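Colleague: output the structure for:
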Amino acid sequence: MNESHVELPGSRRPMKSGARRLRDVDPSTHVEVTVTLKAPPLPDADKMAEQTAITPSEFAERYGASPADVHKVESVLHSFGLTVEESSLGGRSLRVSGTAASIESAFQPNLAIYASADQGEFRGRTGVIKVPSEIAGLVTGVFGLDQRRVAQRASAEAKPVEAIGGSGVAPLSSSDLETRYNFPAGDGAGRTVAIAEFGAPLQSGSFLPPAYFPDDVTAFCTAQGRSAPSVQIVPVNLAPLTLAQLKQLPKQLLEASFGETTEVMMDVEIIAALAPKADVLVYFATFDQKGWVDLLDQVIAGHPARAVSLSISYGLAEDSPDWSTGALQAINEHLQAAAMIGITVCVSAGDDGSGADMTGSRAHVEFPASSPFVLSVGGTMLKGGNEIVWWEAPGRRTFTKKGGGATGGGVSNMFKRAAWQTVSVPSINPTSIDGRVVPDVAALAGPPLYELTLLGESSPNGGTSASAPLWAALIARISAKLPPAKQQRFLAPLLYQNGPSGKPRGQTGCRDISVGNNASKPNPGKGYVAAKGFDAVTGWGVPDGQALLKTLQ
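Modeller: Below you'll find the model as predicted:
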């Protein structure tokens, strides 16, 4: 066996900020990784506006890895003592497992147990991954070696259990939202909406799942005058806790899990009430790079059903060092695959304004909201009866009980602006590429928040975490009203194309928001400003559902 190895491009990762190395990983520890393989290149982002949706099986047939390459990779990894558990997307992804000793032999990642104040103990690595020379050029990524948390929930701070409750401001009901955004009649019957949820890494190799309370969803929908929803939990590599399991956790872990649980319940309740006859699939995965890839693999494969929209309320600054370049590329390719099969992935633009929770004088945008293969969703709030850009001092989450926050938005410095995004917004950074402009659209994120139910009690919440599922539900409602050939389409490029009126569909299908900005303070202390027409804080604006349906017919 040839044991010479070569560096895997894009695999370099620095040590997690604030982390320290504690010890080596036990060689007998079971480790599972996802390996991505070289495959036919996907169409350029510029071409997405011209693409007709294909089925998951057609995608696997056209863009899957070569069977010979898959066999070679499997054979070489097997020689290192590893087992290939599953193949996805026509062999573009392989789920592989083995002992830590076998993983070290195959990929030389120098695994160790690290600790940081924000995460506790976790399995991680620094530097690069190396792959056996026999399969160099065939392997494009190895994910799951490092379990540091990547991406944060794009919503208000998770509060302690005793702090959850009414905000003192009358939140909007489902009917209020339908009226405000002029939803078309209907209930999303015959459509499937997917939701992405993640569990945070906990200690060395384990994860802390959020919980899911089905009784709250039923009670909320009943209170809103909606029928009982069809919600299916899809464990990818993590299953949600029950209420009984949640109560058994130590107080600190209970509060951490409960904070994530409030967000899960918000996603599900918004979609279940606004598209009450749609089938709702809630995918749970680990909150590391592997979790992202594995979750998207299942959604794209249509397991257990093909969705028309996927709601993702998570993100992290696209240039955060916690992302590896290989992971950004792999996740972005998976998002493109979703778009190609006609799934509109609705991603929250973030709740930390122009700073995206980074330090320094530069503005940032979050990934995956900055991907050209998603519908990026910003946030608004109501003030004096008017809907304006969501901004509450200091324009970022303050991580106190007082809240704070602002919609994400700006110009990407990682992803070029696709030809179909026929708008031009200059970056406020002194140097930048002509990047993807974020967001495409917006919806309520700030006061007066959304009426929701948690543990049988009123629990208003918001953030762009709420804006994204609202759009995912609206897309299901609209899809159900469209002719068959137009029901399964990636929405974002269509908003920039002229509709029947001769104007961009985003202009005619959305209501413009022209007041406010998203400057986060103290860093970078500047932001993007709303203006008449498209801008980098609310995109085309908030939905006018019936007008959007009309322009998409």
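Colleague: sketch out the low-pLDDT regions of the chain for me.
Modeller: By pLDDT under 70, the low-scoring segments of the chain are 1-3, 151, 153-169, 201-205, 399-403.
Colleague: repeat that with 80
Modeller: In the predicted model, the chain carries pLDDT under 80 at residues 1-3, 50-51, 118, 150-169, 200-206, 398-403.
Colleague: all helices for it, in order.
Modeller: Ranges of helices in the chain, per DSSP state H, are 56-63, 67-79, 100-107, 174-180, 214-223, 243-247, 251-274, 289-300, 325-340, 464-479, 491-496, 505-509, 545-552.
Colleague: packing partners for the second one?
Modeller: In other words, helix 67-79. Helix 67-79 is packed against strand 30-37, strand 83-88, strand 93-99, with contacts defined by 3 or more CB pairs under 8 Å, 6 or more residues apart in numbering; DSSP states H and E. Placement of C-beta: from N, CA and C, glycine included.
Colleague: most tightly surrounded among the helices of the chain?
Modeller: The highest average neighbour count among the helices of the chain, using mean count of other CB atoms under 10 Å, belongs to helix 464-479 at a mean of 30.
Colleague: is it true that Ala466 touches Pro447?
Modeller: No - in this structure, Ala466 is not within contact of Pro447 by CB atoms under 8 Å, at 11.9 Å.
Colleague: give the contact list for Lys521.
Modeller: 393-396 (CB atoms under 8 Å, 6 or more residues apart in numbering).
Colleague: closest to Val347 out of these?
Modeller: Arg396 (18.7 Å; CB to CB).
Colleague: residues near that closest one, how many?
Modeller: 27 (other CB atoms under 10 Å).
Colleague: same thing with the one 10 residues further on?
Modeller: The number of residues packed near Ala406 is 34, by other CB under 10 Å.
Colleague: show me the contacts for the closest residue to it other than its chain neighbours.
Modeller: When the adjacent residues along the chain are set aside, Ala406 lies closest to Gly353, with 3.6 Å between them (CB to CB, 6 or more residues apart in numbering). Shown in contact with Gly353 (CB under 8 Å, 6+ apart): 391, 395-396, 405-408, 518-520, 527.
Colleague: repeat that with 7 Å
Modeller: Contact analysis of Gly353 by CB atoms under 7 Å, 6 or more residues apart in numbering lists 395-396, 406, 408, 518-520, 527.
Colleague: gap between it and Pro460?
Modeller: From Gly353 across to Pro460, the span is 21 Å (CB to CB, to the nearest Å).
Colleague: could you do Leu37 as well?
Modeller: Between Leu37 and Pro460 the distance, using CB to CB, works out to 46 Å.
Colleague: please apply the same query to Arg95.
Modeller: Separation of Arg95 from Pro460 (CB to CB): 40 Å.
Colleague: swap in Ala60?
Modeller: Ala60 sits 43 Å away from Pro460, taking CB to CB as the criterion.
Colleague: what's the answer for Gly446, then?
Modeller: Distance, Gly446 to Pro460, using CB to CB: 11 Å.
Colleague: ok, now Ala112?
Modeller: Distance of Ala112 to Pro460, computed by CB to CB: 43 Å.
Colleague: repeat for Arg123
Modeller: Separation of Arg123 from Pro460 (CB to CB): 37 Å.
Colleague: now swap in Leu82 and tell me
Modeller: 48 Å.
Colleague: need the contact list for Leu382.
Modeller: Counting by CB under 7 Å, 6+ apart, Leu382 has contacts 447-448.
Colleague: go with 6 Å
Modeller: Pro448 (CB atoms under 6 Å, 6 or more residues apart in numbering).
Colleague: rewinding a little: could you report the separation of the residue nearest to Ala406 from Lys290?
Modeller: With CB to CB as the criterion, Gly353 and Lys290 are 30 Å apart.
Colleague: tell me how many other residues crowd Ser361.
Modeller: For Ser361, the count of nearby residues is 12 (other CB under 10 Å).
Colleague: for it, which non-adjacent residue is closest in space?
Modeller: Excluding the flanking residues, the one nearest Ser361 by CB to CB, 6+ apart is Pro524, at 5.0 Å.
Colleague: can you check Lys38 too?
Modeller: In space, Lys38 comes closest to Leu138 once its chain neighbours are excluded; the distance is 5.2 Å by CB to CB, 6+ apart.
Colleague: what's the spacing between the one you found and Pro430?
Modeller: 41 Å.
Colleague: looking at those two, which is more packed in?
Modeller: Taking neighbours as other CB under 10 Å, Leu138 and Pro430 compare with Leu138 leading, 20 against 7.
Colleague: quick one: the more buried one and Thr36 touch, right?
Modeller: No - counting by CB atoms under 6 Å, Thr36 is not a contact partner of Leu138; they are 10.1 Å apart.
Colleague: so what's the spatially most central residue of the chain bridging to?
Modeller: The residue lying closest to the centre of the chain (CA atoms, centre = their mean) is Ile312, at 3.4 Å. Residues in a beta bridge with Ile312, per DSSP bridges, are Ala196, Val347.
Colleague: pretty sure it sits against Ala349.
Modeller: No - contact criterion CB under 6 Å: Ile312 and Ala349 do not qualify, at 11.1 Å.
Colleague: stretch 176-193: how far from the chain's middle?
Modeller: 22 Å (CA atoms, centre = their mean, to the nearest Å).
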